[in-house]
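Chemist: sequence-free structure coming up:
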């Protein structure tokens, strides 16, 4: 088997496996592809040539992100109006960086001889894989998209989310992959070990699915989510401001009595001070009923001269949440000043948004605390722990219009589902043009909007209290365990090779 994966034929097989892996995620959700595609990579690393392993790793990683993030072209060029060459350079640059991460992993595991034998297949490679995923989700603000665990939202392995988070599920998938490799390569008795490990992981995950980590907290709440579906290319035109303001009000008419109303990220295309009268009018509506409206809008601090991407709460209390985890080249531009000047001359976006403070308070809605997130902040489950377990509900506002009619909005919805599973809280998700949703505490889709059409979602949700194990400890125990395991394997290998 490993001989077949050498040479150009092996390069093609590994690259094809990388290209197929995104199909394990939404919208197709062919989840068995996750361990199967990863198994091809692990098998290709059964070599003594670290440079060959690096090449295979690069082809696999580049294939995954070429197929899984092609939508960046739409965001950067079609909607962002960046020149074609700039869009291709940014998109292919990300693909290359992700490929280099996997190349480095392949090189290191072969140099350290972590890829051989049942211990390597079942322990070494899975631990190394999880550390790589965490690293790329953290380093230089991180890019956790296509983390392997997201592919398992609808399997028993997803039940591990409240225990170990999405990286713990990635570890389970990688161990299953190691079991498959053991079945293919090992001797008969070791094959039985590979089968046993796979069976035990699935049984343990299923048993964790029976654990109830949370309980009802107070009365149920009526909620309304408004999706106006204003095309991104028209959203910020000056002549669209008044029609947009009127549209959100008209779509909310008949629903003002809901305990909580949510409009999406940057729902009103203006700065707060530019629409003061409009916002005051909205708050008066809510004060009459004692209810709350959450809406996304940009804020500007004239003293500090900084912009914030904000979620504004209008109700008995006026509260703000400022987005903490910003999108590179979308909300801030990590480029030299001469590049910024060029962007200004080309009439491209170049102004940075300032991140909010990490330690912000939950929002208060009718006496219930709510954990807010904006855009892809829901992919950073460990960062949401700052609001938990105090918060009884999750709210995410987003603008997935930047993705167009691609796989990205479906991937993002899957990420939101995972956050619900990690925290066992209801998630209320409002987007500009879909997919808006009410997500249950086990990641189940209770209400879902269609894309690219105006929609209003009405539902009743139950605030929940309690603390999952992942809420309590975050990612660190898992990451430290993986690191200690790798160090132990390296030390044991050095002892065996010593004279």
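Modeler: Sure thing, it's come through. Worth saying up front: this structure is predicted, and the values here are computed from it rather than measured. Residues are numbered from 1 along each chain as shown.
Chemist: next one: the spatially most central residue of the chain from residue 325, what distance?
Modeler: Nearest to the mean C-alpha position of the chain, by Cα atoms, centre = their mean, lies residue 379 at 2.9 Å. For residue 379, the distance to residue 325 (Cβ to Cβ, to the nearest Å) stands at 8 Å. From N, CA and C alone the C-beta is placed, and that goes for glycine too.
Chemist: follow-up on the earlier one: ok, the residue nearest to the centre of the chain touching residue 141?
Modeler: No: with contact defined as Cβ atoms under 8 Å, residue 379 and residue 141 do not form a contacting pair (11.5 Å).
Chemist: quick revisit: just the pLDDT at the residue nearest to the centre of the chain, thanks.
Modeler: The model reports residue 379 with a pLDDT of 95.
Chemist: remind me which residues of the protein are low pLDDT?
Modeler: 1-5, 329-351, 494-499 (pLDDT under 70).
Chemist: which parts of it are strands?
Modeler: 214-216, 221-227, 260-262, 292-301, 306-314, 318-322, 363-365, 368-374, 393-398, 427-431, 437-439, 445-448, 455-461, 464-466 (DSSP state E).
Chemist: so which of those comes closest to residue 357?
Modeler: In terms of Cβ to Cβ, the element of the strands of the chain nearest to residue 357 is strand 318-322, at 7.2 Å.
Chemist: for the strands of the chain, give me TSV that also has distance to residue 153 and mean neighbour count.
Modeler: Below are those laid out as TSV (distance: least, Cβ to Cβ, whole Å; neighbours: other Cβ atoms under 10 Å):
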stretch	distance to residue 153	mean neighbour count
strand 214-216	18	14
strand 221-227	21	24
strand 260-262	22	26
strand 292-301	25	21
strand 306-314	25	23
strand 318-322	26	18
strand 363-365	26	23
strand 368-374	18	25
strand 393-398	15	28
strand 427-431	12	29
strand 437-439	10	24
strand 445-448	10	16
strand 455-461	19	18
strand 464-466	19	18
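Chemist: distance to residue 241 added to the ones you listed, as CSV?
Modeler: Formatted as CSV, those follow (distance: least, Cβ to Cβ, whole Å):
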stretch, distance to residue 241
strand 214-216, 41
strand 221-227, 17
strand 260-262, 20
strand 292-301, 12
strand 306-314, 16
strand 318-322, 21
strand 363-365, 26
strand 368-374, 21
strand 393-398, 19
strand 427-431, 20
strand 437-439, 27
strand 445-448, 29
strand 455-461, 21
strand 464-466, 38
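Chemist: now the residue nearest to the centre of the chain: how far from residue 424?
Modeler: Separation of residue 379 from residue 424 (Cβ to Cβ): 18 Å.
Chemist: now swap in residue 400 and tell me
Modeler: Taking Cβ to Cβ, one finds residue 400 at 25 Å from residue 424.
Chemist: what do you get for residue 154?
Modeler: Residue 154 is 16 Å from residue 424, by Cβ to Cβ.
Chemist: looking at these two, which one has more neighbours?
Modeler: Set side by side, residue 154 and residue 424 show more neighbours around residue 424, with 24 against 15, by other Cβ atoms under 10 Å.
Chemist: thinking the more buried one is in contact with residue 465, fair?
Modeler: No: at 10.2 Å, residue 424 and residue 465 do not qualify as touching, with contact defined as Cβ under 8 Å.
Chemist: shared neighbours of those two, which are they?
Modeler: residue 214 (Cβ atoms under 8 Å, 6 or more residues apart in numbering).
Chemist: burial measure for residue 92, as a count.
Modeler: The burial count for residue 92: 16, using other Cβ under 10 Å.
Chemist: before we move on, what about residue 28?
Modeler: Neighbours around residue 28, by other Cβ under 10 Å: 12.
Chemist: spit out the contact partners of it.
Modeler: No contacts exist for residue 28 under Cβ under 8 Å, 6+ apart.
Chemist: if we go to 10 Å?
Modeler: Taking Cβ atoms under 10 Å, 6 or more residues apart in numbering as the criterion, residue 28 is in contact with 22, 407, 410.
Chemist: tell me the one of those residues nearest residue 442?
Modeler: Closest to residue 442, out of all of the contacts of residue 28 and judged by Cβ to Cβ, is residue 410, at 19.0 Å.
Chemist: the residue lying closest to residue 292 once chain neighbours are set aside and residue 165, how far apart?
Modeler: In this structure, residue 292 finds its nearest non-sequential neighbour in residue 315, 3.2 Å apart by Cβ to Cβ, 6 or more residues apart in numbering. Separation of residue 315 from residue 165 (Cβ to Cβ): 32 Å.
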